[in-house]
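Asker: A structural model of the following input is requested.
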Amino acid sequence: MPKKPGTNPKGEFAFFNVLYEDGSQRSNRRVPSELLGGLEGDEPARAFIVEQDREIAEKGGRPPPVIKSISRVGAKKK
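Answerer: Next up, the predicted model:
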């Protein structure tokens, strides 16, 4: 049964844009908010996304792409 719009809890996920070494980009990659924060900040998001990419590449029978950079959606550039 489909969910009604607006019933997802806010803040459950943080979204990241990922840029790969080959120049491709993936937008709005979801990372659970509970992994983020603390002293590491957004660094645990990289490990989570690398693991997702590894699983996807394994299912597709190809090597996982190498991540060049990760930036949180909506975050200001430093």
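Asker: Low-confidence regions, the protein specifically.
Answerer: Scanning the chain with the threshold set as pLDDT under 70 gives 1-10, 39, 75-78.
Asker: which residue is nearest the centroid of it?
Answerer: With distances taken as Cα atoms, centre = their mean, the residue of the chain nearest its centroid is Arg29 (3.6 Å).
Asker: Given the helix or strand containing it, what are its sheet partners and their directions?
Answerer: Secondary structure assigned from DSSP states H and E places Arg29 in strand 25-32. Strand 25-32 has the following strand partners under DSSP bridges: strand 13-20 (antiparallel).
Asker: which residues sit in contact with the residue nearest to Glu12 when sequence neighbours are not counted?
Answerer: Sequence neighbours aside, Ser33 is the residue nearest to Glu12 in space, at 6.1 Å (criterion: Cβ to Cβ, 6 or more residues apart in numbering). C-beta here means a position set from N, CA and C on the backbone, and glycine is covered the same way. If you count contacts by Cβ atoms under 8 Å, 6 or more residues apart in numbering, Ser33 has them with Gly11, Glu12, Phe13, Ala14.
Asker: Take those and lay them out in TSV including neighbour count and distance to Val50.
Answerer: Converted to TSV, those look like this (neighbours: other Cβ atoms under 10 Å; distance: Cβ to Cβ, whole Å):
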residue	neighbour count	distance to Val50
Gly11	8	23
Glu12	10	21
Phe13	17	17
Ala14	20	16
